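Student: task: produce atomic coordinates for the following.
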Amino acid sequence: MPNDNVKAEWNEYEEIIEKFVQVIAKNMNLYGITPSVGRLYGALYFNDGPMTLDEMTKALEMSKTSMSTGVRSLSEMKMVEPAFKKGVRKDLYKSEEDWYKSFTSLFGNRWKNQTETNIEEAEEAILDLEEIKSKTSDQALKDKIDLDIERLDYAKNYYRWLMRFIQVVESGGIFKYVPRHDN
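Tutor: Numbers count the residues shown, from 1 in each chain. Below you'll find the predicted structure:
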């Protein structure tokens, strides 16, 4: 049985790790990931080996349904992957250890979907404005529509540039310009 000093050291260690897991969760929240899913990722990352849903449930004191949903979300973002351990029949999961890869995947997926939607919305707005312009006899309205179509074209050009940027991030080409800091 460990002495009180060793217990205190282990408690101090656990507090430090838990504090950093909270930092991870807060950071992931910037990308639209709930804090509970962020904590799940942190727990998997710092665990020495893969975990079952039951182990995650116990470690995070959350429901098995929440763990399953969180694992599914993290899997879709390529931040968690299934694992195998001889003799274990339950599904096991481990975190993606390469944060650079996780970021490029997460960033790409989140931004690409929104940017594609923004391009579609701008194109739809242009079509709707052109339809109004073709019907109206009000010159001031026609002039305003022309100005706003220019603004929407500018927005579309920006979003197309952003799609190219996202492609550079997703492909890993970003690391030519901003190198990784691997030890």
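Student: the residue nearest the centre of the chain - nearest residue in space that isn't next to it in sequence?
Tutor: Computing the C-alpha centroid of the chain and ranking residues by Cα atoms, centre = their mean puts residue 106 first, at 3.9 Å. When the adjacent residues along the chain are set aside, residue 106 lies closest to residue 77, with 5.0 Å between them (Cβ to Cβ, 6 or more residues apart in numbering). Placement of C-beta: from N, CA and C, glycine included.
Student: which ones are touching the one you found?
Tutor: For residue 77, the contacting residues are 33, 102, 105, 106, 109, taking Cβ atoms under 8 Å, 6 or more residues apart in numbering as the criterion.
Student: most neighbours of all the residues you listed, which one?
Tutor: residue 33 (22 neighbours; other Cβ atoms under 10 Å).
Student: mind listing what the residue nearest to the centre of the chain touches?
Tutor: With contacts taken as Cβ under 8 Å, 6+ apart, residue 106 has the following neighbours: 31, 33, 77, 78, 79.
Student: show me the contacts for residue 83.
Tutor: Applying Cβ under 8 Å, 6+ apart, the residues near residue 83 are 49, 50, 92, 93, 94.
Student: what pLDDT does it get?
Tutor: pLDDT, residue 83: 92.
Student: if it is in a bridge, with which residues?
Tutor: Legend: beta-bridge partners of residue 83 under DSSP bridges are residue 92.
Student: got the buried residues for stretch 6-24?
Tutor: 21, 24 (16 or more other Cβ atoms under 10 Å).
Student: my read: residue 93 touches residue 51, true?
Tutor: Yes: under the criterion of Cβ atoms under 8 Å, residue 93 lies in contact with residue 51, with a separation of 6.2 Å.
Student: overlap in contacts of those two?
Tutor: Taking Cβ under 8 Å, 6+ apart as the criterion, residue 93 and residue 51 both touch residue 44.
Student: which of those two has more residues huddled nearby?
Tutor: Neighbours were counted for residue 93 and for residue 51 using other Cβ under 10 Å; residue 51 has more, 25 against 22.
Student: how close does the more buried one sit to residue 86?
Tutor: Using Cβ to Cβ, to the nearest Å, one gets 16 Å for the distance from residue 51 to residue 86.
Student: now swap in residue 100 and tell me
Tutor: With the distance defined as Cβ to Cβ, residue 100 ends up 30 Å from residue 86.
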